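Asks: Okay, predicted coordinates and the sequence, questions at the end:
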Amino acid sequence: MTDQTTVSGARDIFIVSNSVDEMGGVTTWTHQMAREFTGRGHTVHVIGVTPAPADRRHEFPDPLPYATTTLYEEHPPQLKALRGLKGKLNAVERRRYAARSAAMQERADRMTALFRAARPGAVVIVTQVWAMEWVGLADTSGLLVIGMSHESYDASAGSSRLPRVKRHYKDVDRLLVLTPEDANKWIRAGMDNVGHMPNALPFVPERPVARSGKVVASVGRLSHEKGVDMLLDSWAEISSRHPDWKLRIYGAGDEEQALLARTTELGLDGSVEWMGRTNDVLGALSEASVFAQASRAEGFPITLLEAMAAGVPCAAFDCAPGVREIIRDGEDGLLARLGNVMELGGHISALISDKELRDRMGEAAFKNVKRYAPEEITDRWEALFAFLER
């Protein structure tokens, strides 16, 4: 939290997400910015649509210095689209749709009541397009509404989210994406209210870690999107050349068992350490000398920011504009072409083999990543609020 406080310009700020407490980058961003805004004297209220699944729930300190609300006690039912005449004549499904719509409006009305109690100049920040479906049903008249997409344009275009973003965010005061490159793509796709805002550093250590351990670290969900299977394929080429080094993987997810089996299949059980989830990323990085990320898709990955803030040089796939915004290839990290496991493995191996290289890149990372310091990013947010009020 920043020490700076600007109470004279204090606002009510609502941050609305799919969930208040589901593990992941959006939740990390939400609570970090809630703390930063609170530290500036703003009154923050974090709103989630549904509770997180029990196995993906992030534990937060109690009490938090801001209010939180979850609109549903359990996840609302997911219904199939009513297609064609047969769908429209299906009375059972129509009743289910009507019940779900009524429940959505009831939850939106709860948000309306919170919004109506806000002071003039209040802001609603919607971090995910699914949550915007509820905000769109609420009365936000007189409030600034800022929508966000925390993924790359290409990731949205490869899913159902692109048409949903265009539909649900078309009338917000600003749609914020993560990089100028992605903003230009959304503008070309027909959105005329687009800006860009990077994520902030979750922490700013006073000094880099020692980079003395023979550990390559990776932090993230064990899911297809995060590409841990490709990281294992890269490590299979590395481990025989560097048998005294370990690949230490932090995270959990639905691909865990498949990845454990793949580790055994590749003969890597002795060189890969599965650490499970961690709420202490800086502590995890303190024993690492290299950070590796093999994601198939990213937005503006907080794990890369964390590694660089700790002074750990990164090797990653160039899978999104946000990655190449964060890493200056050849200066403070190394980028490989997406999916090229041999190239990624070569980059990791180069950092393992050359202490001078990893120290130089680690020191450059520690310095360069400070352009995303929390106070800098919070200043940009407050400047945006003031601009949109004009």
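Replies: Yes, it's here. These numbers come from a predicted model, not from an experiment.

Asks: Can you name the residues bridging to the residue nearest to Met197 when sequence neighbours are not counted?
Replies: Of all residues not flanking Met197 in the chain, Leu176 sits nearest, at 4.6 Å (C-beta to C-beta, 6 or more residues apart in numbering). Heads up, the C-betas are built off the backbone N, CA and C, glycines and all. Beta-bridge pairing for Leu176 (DSSP bridges): Met148, Gly195.

Asks: per-residue confidence for Leu176?
Replies: We note a pLDDT of 98 for Leu176 in this prediction.

Asks: cool, Leu82 as well?
Replies: The confidence metric pLDDT takes the value 60 at Leu82.

Asks: coming back round to it: contact partners for the residue nearest to Met197?
Replies: Ile146, Gly147, Met148, Ser149, Val194, Gly195, His196, Met197 (C-beta atoms under 8 Å, 6 or more residues apart in numbering).

Asks: In this structure the second one contacts Val177, no?
Replies: No. In this structure, Gly147 is not within contact of Val177 by C-beta atoms under 8 Å, at 9.6 Å.

Asks: if we can go back for a sec, please indicate which of the contacts of Leu176 are buried?
Replies: The neighbour-count criterion (16 or more other C-beta atoms under 10 Å) marks Ile146, Gly147, Met148, Ser149, Val194, Gly195, His196, Met197 among those as buried.

Asks: Looks to me like the first one is in a helix.
Replies: No. Assessed by DSSP: H, G, I helix; E, B strand; the rest coil, Ile146 does not belong to a helix; its assignment is strand.

Asks: just checking, it touches Val126?
Replies: Yes. Look at Ile146 against Val126 with C-beta under 8 Å: they come within range, at 7.1 Å.

Asks: Residues in a beta bridge with Ala217, which ones?
Replies: Note on Ala217: beta-bridge partners by DSSP bridges are Arg248, Phe291.

Asks: Pull up the gap between it and Arg100, please.
Replies: Going from Ala217 to Arg100 by C-beta to C-beta, to the nearest Å gives 43 Å.

Asks: domain parsing for the protein?
Replies: What automatic domain parsing lists as the domains of the chain is 7-200+373-389, 215-371.

Asks: Most tightly packed of those?
Replies: Comparing those by mean neighbour count (mean count of other C-beta atoms under 10 Å), domain 215-371 ranks first with a mean of 20.

Asks: pull the longest helix from this protein.
Replies: helix 91-116 (DSSP state H).

Asks: which helices and strands does the host helix or strand of Lys166 pack with?
Replies: Under the criterion of DSSP states H and E, Lys166 resides in helix 161-168. Helices and strands touching helix 161-168, by 3 or more C-beta pairs under 8 Å, 6 or more residues apart in numbering; DSSP states H and E, are helix 129-135, helix 153-157.

Asks: Ile352 contacts His242, correct?
Replies: Yes. If you go by C-beta under 8 Å, Ile352 and His242 touch, sitting 5.2 Å apart.

Asks: Show me whatever sits in contact with both of those two.
Replies: Residues touching both Ile352 and His242 (C-beta under 8 Å, 6+ apart): Lys214.

Asks: just to revisit the earlier point, shared neighbours of Ile146 and Val126, which are they?
Replies: By C-beta under 8 Å, 6+ apart, the residues touching both Ile146 and Val126 are Val172.

Asks: How far does stretch 289-300 sit from its chain's centre?
Replies: 12 Å (C-alpha atoms, centre = their mean, to the nearest Å).

Asks: Please save the CA atoms from it in CSV.
Replies: Extracted C-alpha coordinates of stretch 289-300, given in CSV (Å, rounded to 0.1, in the frame of the first residue of the first chain):
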residue,chain,number,x,y,z
SER,A,289,17.9,-18.1,-9.8
VAL,A,290,15.7,-18.4,-13.0
PHE,A,291,11.9,-18.1,-13.6
ALA,A,292,10.2,-19.9,-16.4
GLN,A,293,6.8,-19.4,-17.9
ALA,A,294,5.4,-21.5,-20.8
SER,A,295,1.9,-20.1,-21.1
ARG,A,296,-0.2,-20.6,-24.2
ALA,A,297,-2.1,-17.4,-23.5
GLU,A,298,-1.7,-14.5,-21.0
GLY,A,299,-2.9,-11.0,-20.4
PHE,A,300,-0.4,-9.0,-18.4
